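*Asks:* have a look; sequence and predicted model below, questions after that.
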Amino acid sequence: MNNRLLMQKGLTLIELMIGLVILGVVLTVALPAAQSIVNKNRIVSEINEISGIIQFARVNAVDEQLETIVCPTADFSTCTTNWNQVKMVFGDEDGNGQRGNDEDILVATSLISSNNYVIGPSQSIQFFPNGSADSQSLILICHKDKEAIYARQLTITPQGRVKMSQDRNNSDGIHENDAGTDLSCP
């Protein structure tokens, strides 16, 4: 009889049901946490990409001693104010604030994820040959669900520094702006 028990293979209905219940509980707990991680990583990736091209524009302005512009664009010819579009960087050789046919695109971002949206300044970001910016600019990236825990902000100072928001109080997981106020997504 012992040999016969050792030869059996398979599961009883009760064992199968217990396994499915355990799997259901694990998925119920793990899936929302995994989705949150994916959302945060996507936001961080996109804010890093924008930060990278802004820093590139500043370095280019200093290296080439040329006013350099960062702006959103729909057609890679004209600047817009919709920061959900692709962002391009170009050297503004004629100083008119718009990309001319003879002004090369130096770098561009990819299109923002459909799960996120960007709120940026109402004008282009311009860097001068000394590395300073034309004004302070704020760029806010949010998840489509508008949850504050996903909000991230870039601050471009008049000196040309690029700073990313942080959760300075480490109490709620929500990043704060330079004034210490929690970021929110409109």
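*Replies:* Ah, there it is. Treat the numbers as computed from the prediction; the structure is a model and nothing was measured. Numbers count the residues shown, from 1 in each chain.
*Asks:* okay, buried residues for stretch 174-186 please.
*Replies:* For stretch 174-186, a neighbour-count test (16 or more other CB atoms under 10 Å) marks Ile174, His175, Glu176, Asn177, Leu183, Cys185 as buried. Quick note: C-beta positions are derived from backbone N, CA and C, even for glycine.
*Asks:* just give me the closest of these to Ile119.
*Replies:* Minimum separation from Ile119 among those (CB to CB) is found for Cys185, which lies at 8.5 Å.
*Asks:* please name the nearest non-neighbouring residue to that closest one.
*Replies:* Of all residues not flanking Cys185 in the chain, Cys142 sits nearest, at 3.5 Å (CB to CB, 6 or more residues apart in numbering).
*Asks:* what's the burial count for the one you found?
*Replies:* 22 (other CB atoms under 10 Å).
*Asks:* pLDDT weak spots in this structure?
*Replies:* Low-confidence segments of the chain, defined by pLDDT under 70: 1-8.
*Asks:* what ranges do the helices span in it?
*Replies:* Secondary structure of the chain (DSSP state H): helices located at 2-7, 13-64.
*Asks:* same list, the ones you listed, but as JSON lines with distance to Thr73 and mean neighbour count please.
*Replies:* Shown next, in JSON lines, are those (distance: least, CB to CB, whole Å; neighbours: other CB atoms under 10 Å):
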{"stretch": "helix 2-7", "distance to Thr73": "71", "mean neighbour count": "7"}
{"stretch": "helix 13-64", "distance to Thr73": "12", "mean neighbour count": "14"}
